[in-house]
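In: requesting a structural model of the entry that follows:
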Amino acid sequence: MRMPLRLMIDLARHIARKRKAGEKYFPLVLMLEPLHACNLACVGCGRIVEYKDTLWDQMPLEEALGAADEADTPIVSICGGEPLIYKHIVELTKGLIEKRRHVQICTNALLLERFIKHVKPNVYLSFNIHLDGMRETHDRVVARQGVFDHCIKMIKLLKAEGYRVQTNTTVYRETSAEELEEMIKLLTSLGVDGMLVTPGYHYQVLSNDIYLKTDEMPYKFYRVRKLARRHNIINTPIYLDFLLGERDLLCSPWTTVTRNPQGWKGPCYLITNGHYRTFKEMHEATDWEFYRTRQDPRCRHCKLHSGFEGTVALDFGKNLRDTIALVRHYIA
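Out: Model (predicted):
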């Protein structure tokens, strides 16, 4: 299966419970950024630019664990920055697992060998390794030679030790469809459990021109959609149709919320209007319908999965054809 059965069941129960309680705008995933410091300087990363003045601030462990309770999401994605730099990463991971949260650690893999000495495989734990193409492309994107080879080495080690391993690939303008296919076939041969492939978002704090334009997406993601039929690509077929321009989706920015050392980031994972002391303050201060319909100019060219796959999850069961397609996709 492309996603753990327990995660899908817990996600379905979460949605049912929130709807029964009469809630409309509730999160599914907490993006927990305990710090923004990183041991790489990737060319497409907006975090190390946006938070350059507070780069080494770290969230107290109690706040990080408390954020999971505030957001009340079944999935917690620990990211950053590089989360394995965080001084409490072992205690944070174990604490979230004790709360029965599905923990996904988003990492560049450089510090993984040290981390897994302290945290054993668990049904609630998976690693999401950043891999933006084959060797030449990935090492250029992360601005350091040898990182691609280290990632492959770590994937092999994690799989041998029994951990669940996913990858996260950002597609830039210079990434060819042929290279994507080569990478996906390589990761399949290594036994990777799931692959997320998504177009890069042009962060408002960056001025480079490496990001895909809307009219450039169909060619590259047509190949990805074909590969998804026989490889463990996590992207839903509905989201891939959206990237190809074959259907439209509204965004559900509230489904993925972000907590970092400065507070609760609003309105979404990608754009920042401000930081709030509590989840409740951020939630009540945000006009979700305004962002759902992409009225903000910063939203108009965004097709990143974080908001749109949330829409797919919330709409599950409303359309028979889409429901059948999703079930086939995930049990394949």
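In: what is the helix or strand where T323 lies packed up against?
Out: If you go by DSSP states H and E, T323 is part of helix 320-331. Packing partners of helix 320-331 (3 or more C-beta pairs under 8 Å, 6 or more residues apart in numbering; DSSP states H and E): helix 237-243. Quick note: C-beta positions are derived from backbone N, CA and C, even for glycine.
In: what does the helix it packs on rub up against?
Out: Residues from elsewhere that reach helix 237-243 (C-beta atoms under 8 Å, 6 or more residues apart in numbering): 199, 217-218, 221, 224-225, 228, 247-249, 303, 305, 308-309, 312, 322, 325-326, 329.
In: how long is stretch 79-89 end to end?
Out: 11 Å (C-alpha to C-alpha, to the nearest Å).
In: mind listing the helices for the stretch 151-300 of the chain?
Out: Using DSSP state H, counting those that start in this stretch, the helices found in the stretch 151-300 of the chain span residues 177-189, 217-227, 237-243, 279-285, 288-292.
In: name the residues that touch the second one?
Out: Contact with helix 217-227 is made by 171, 175-178, 180-181, 184, 197, 199, 212, 233, 235, 237, 240-241, 243-245, 303, as judged by C-beta under 8 Å, 6+ apart.
In: same question, the first one
Out: Outside of helix 177-189, the residues that reach it under the criterion C-beta under 8 Å, 6+ apart are 131, 133-134, 137, 152, 155, 167, 169, 171, 195, 197, 219-220, 222-224, 227, 231-233.
In: quick one on the thing from earlier: generate a markdown table for the helices of the stretch 151-300 of the chain, with mean pLDDT as supplementary columns.
Out: Shown next, in a markdown table, are the helices of the stretch 151-300 of the chain (pLDDT from 0 to 100):
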| stretch | mean pLDDT |
| --- | --- |
| helix 177-189 | 95 |
| helix 217-227 | 89 |
| helix 237-243 | 95 |
| helix 279-285 | 97 |
| helix 288-292 | 96 |
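In: for K24, find the nearest of those helices.
Out: Checking the helices of the stretch 151-300 of the chain against K24 by C-beta to C-beta gives helix 288-292 as the closest, at 8.3 Å.
In: tell me the helix or strand right after the closest one.
Out: That would be, after helix 288-292 and using DSSP H and E, helix 305-314.
In: against which helices or strands is that following helix packed?
Out: helix 5-20, strand 29-32, helix 237-243, strand 256-260.
In: buried sites along that helix?
Out: By neighbour count on 16 or more other C-beta atoms under 10 Å, the buried set for helix 305-314 is H305, S306, G307, F308, E309, G310, T311, V312, A313, L314.
In: please enumerate the strands of the stretch 51-200 of the chain.
Out: 75-78, 102-107, 125-130, 164-171, 194-199 (DSSP state E, counting those that start in this stretch).
In: what about those strands, which gets the closest to T272?
Out: The nearest among these, by C-beta to C-beta, is strand 75-78 at 17.7 Å.
In: make CSV from the buried residues of helix 305-314 and add distance to R298 and pLDDT to it.
Out: Output for the buried residues of helix 305-314, formatted as CSV (distance: C-beta to C-beta, whole Å; pLDDT from 0 to 100):
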residue, distance to R298, pLDDT
H305, 17, 91
S306, 14, 89
G307, 12, 93
F308, 15, 95
E309, 19, 96
G310, 18, 96
T311, 18, 96
V312, 22, 96
A313, 23, 96
L314, 22, 96
